[in-house]
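[1] No letters, just coordinates:
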């Protein structure tokens, strides 16, 4: 089968840095942090050990009409805001809905709806549980909401693979476009779990940073003093289409989605393989699908959650593939600014990768005061020009369960 060129024609995001993709990108380049103290009474009520998170800078309920927002879990609200921005950014293509697909993801789904409904059941009885509870909590609710809003009738698919979900959705979209299942696909991921239960649970497993006295500096990938990730919320969406379709309608093209790959560690339910062998295979395969070689890669948006073991495992994977070329790659760890959006993080970081290629500028990694000598990457700490030559960039995502997903983007000329 002849390979088609797949391109990015629209982007949208709502994040701890900003309510739109441009606002989030500007704040990222400016070195801002989206992490702040949680101002909710439940922090004190439950005596949570972690009192901060990456909360959406603009609540989705303030963007959507009230009747619409009330019928959606916050995770679906974020997804709809991001998808509508991306669709408008792509010029609101006039496409037969049967040729439009949705590949959207989440790591957990409608958690707020589920837990609020359980509280209602316990406190007020079954008659008070909302009729819309199931449609709001199901993991495919975000994909369904996007599909009905655009509209999309080719398909609406949901992938759930923890923190790799958003990137895996992009890999799926690439493959679906190659297979001819659609001409245009809206792909991405969302998460809304800044809630006392996930905070308590992640803290219990020693996964979260506990810098309650300085939230803005809590997410610090590669720093010797990193002590865990920061839980965040938000969503990202990309409009993808075949180059032929995009050119025929005169669309603006940001970059080419050149390839992607998914692998599994088969190692541990939460810890990454410390050798990074499966993660390395995912990077290698994404590069091969792109018709490139490791020495062509100029930029990586790393998964880099700021956990002591995760950052080293990813470095080992990178070193396996790139060897001495590792020192030539500009590495950005944008979770330092955004925190970790779980199922939404891959989509957001793909957007940052696309914008880095479009503007030929690698975004900075903040909070890196003392780089771990065991991770000698060429980390970007202030906006860095990528140069005038051809650019190939990777965006990495790795999730609980041993899920690895990598996408490769090429600058479009």
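    It's in. Owing to the predicted nature of the structure, the values given are computational and were not obtained by experimental measurement.
[2] Would you confirm that residue 118 belongs to a strand?
    No: using DSSP: H, G, I helix; E, B strand; the rest coil, the assignment for residue 118 is helix, not a strand.
[3] Pull up the gap between it and residue 354, please.
    Separation of residue 118 from residue 354 (C-beta to C-beta, to the nearest Å) stands at 39 Å. All C-beta atoms are positioned from the backbone trio N, CA, C, and that covers glycine.
[4] Mind checking which of those two has more residues around it?
    residue 354 (26 against 12; other C-beta atoms under 10 Å).
[5] what about that one, which helix or strand?
    helix 345-358 (DSSP states H and E).
[6] Domain map for the protein?
    Domain assignment of the chain by automatic domain parsing yields the ranges 6-248, 261-411.
[7] For those domains, give me JSON lines that also has distance to residue 254.
    Formatted as JSON lines, the domains of the chain follow (distance: least, C-beta to C-beta, whole Å):
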{"stretch": "domain 6-248", "distance to residue 254": "4"}
{"stretch": "domain 261-411", "distance to residue 254": "5"}
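[8] how about those domains in a markdown table, adding mean pLDDT?
    Output for those, formatted as a markdown table (pLDDT from 0 to 100):
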| stretch | mean pLDDT |
| --- | --- |
| domain 6-248 | 98 |
| domain 261-411 | 97 |
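[9] Skipping its backbone neighbours, what lies nearest residue 285 in space?
    residue 261 (3.5 Å; C-beta to C-beta, 6 or more residues apart in numbering).
[10] in whichever strand or helix holds that neighbour, what counts as buried?
    Following DSSP H and E, one finds residue 261 within strand 255-264. Buried residues in strand 255-264, counted by 16 or more other C-beta atoms under 10 Å: 255-263.
[11] For those residues, give me JSON lines that also has distance to residue 60.
    Listed next are the buried residues of strand 255-264 as JSON lines, based on distance: C-beta to C-beta, whole Å:
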{"residue": "255", "distance to residue 60": "27"}
{"residue": "256", "distance to residue 60": "30"}
{"residue": "257", "distance to residue 60": "26"}
{"residue": "258", "distance to residue 60": "32"}
{"residue": "259", "distance to residue 60": "32"}
{"residue": "260", "distance to residue 60": "28"}
{"residue": "261", "distance to residue 60": "32"}
{"residue": "262", "distance to residue 60": "29"}
{"residue": "263", "distance to residue 60": "33"}
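[12] Which parts of this protein are helices?
    Here the chain has its helices, by DSSP state H, at 21-29, 41-45, 66-70, 74-89, 111-124, 133-137, 141-149, 165-178, 196-204, 243-248, 277-289, 308-322, 335-338, 345-358.
[13] Of these, give the one that comes closest to residue 6.
    helix 165-178 (5.2 Å; C-beta to C-beta).
[14] Buried residues, that closest one. List them.
    165-174, 176-178.
[15] can you check stretch 84-98 too?
    So for stretch 84-98, counting by 16+ other C-beta under 10 Å, buried means 84-87, 89-90, 93, 95.
[16] do stretch 278-295 as well
    For stretch 278-295, a neighbour-count test (16+ other C-beta under 10 Å) marks 278-287, 289-290, 292, 294 as buried.
[17] Report the distance from stretch 211-225 to the chain centre.
    Relative to the centre of its chain, stretch 211-225 is centred 20 Å away, using C-alpha atoms, centre = their mean, to the nearest Å.
[18] typo on my end, stretch 312-327
    The chain centre lies 22 Å from the centre of stretch 312-327; the measure is C-alpha atoms, centre = their mean.
[19] Contacts for that stretch, please.
    Applying C-beta atoms under 8 Å, 6 or more residues apart in numbering, the contact partners of stretch 312-327 are 272-277, 279-280, 283-284, 287, 294-295, 297, 300, 302-304, 329, 331, 372, 374-378, 396, 398.
[20] I'd like the buried residues of helix 165-178 as TSV, with distance to residue 55 appended.
    As requested, the buried residues of helix 165-178 are arranged in TSV below (distance: C-beta to C-beta, whole Å):
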residue	distance to residue 55
165	20
166	18
167	23
168	25
169	23
170	25
171	29
172	29
173	28
174	31
176	33
177	34
178	37
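[21] quick check, nearest of the residues you listed to residue 20?
    Of all the buried residues of helix 165-178, residue 166 has the smallest distance to residue 20: 17.6 Å, by C-beta to C-beta.
[22] what's near enough to touch the closest one?
    Here residue 166 is in contact with 105, 188-189, 236, 341, 343-350, 397 (criterion: C-beta under 8 Å, 6+ apart).
[23] out of the residues you listed, which are buried?
    Buried among the contacts of residue 166 by 16+ other C-beta under 10 Å: 105, 188-189, 236, 341, 343-350, 397.
[24] any chance of those in CSV, plus distance to residue 4?
    CSV is the format used below for the buried ones among the contacts of residue 166 (distance: C-beta to C-beta, whole Å):
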residue, distance to residue 4
105, 22
188, 20
189, 23
236, 23
341, 30
343, 27
344, 27
345, 27
346, 22
347, 22
348, 26
349, 24
350, 19
397, 24
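[25] any idea which of the residues you listed is the one closest to residue 21?
    Distance to residue 21, by C-beta to C-beta, is smallest for residue 236 among the buried ones among the contacts of residue 166, at 7.8 Å.
[26] Surely the closest one is in contact with residue 10?
    No: look at residue 236 against residue 10 with C-beta atoms under 8 Å: they stay out of range, at 11.5 Å.
[27] What is the burial count for residue 369?
    11.
[28] Let me fix that, I meant to ask about residue 83.
    Neighbour number of residue 83 under other C-beta under 10 Å is 31.
[29] Would you check that it makes contact with residue 237?
    Yes: using C-beta under 8 Å, residue 83 is in contact with residue 237, at 4.3 Å.
[30] shared neighbours of the two, which are they?
    Residues touching both residue 83 and residue 237 (C-beta under 8 Å, 6+ apart): 12, 104, 146, 186, 188.
[31] of those, closest to residue 216?
    Among the shared contacts of residue 83 and residue 237, and counting by C-beta to C-beta, the member closest to residue 216 is residue 12, at 25.4 Å.
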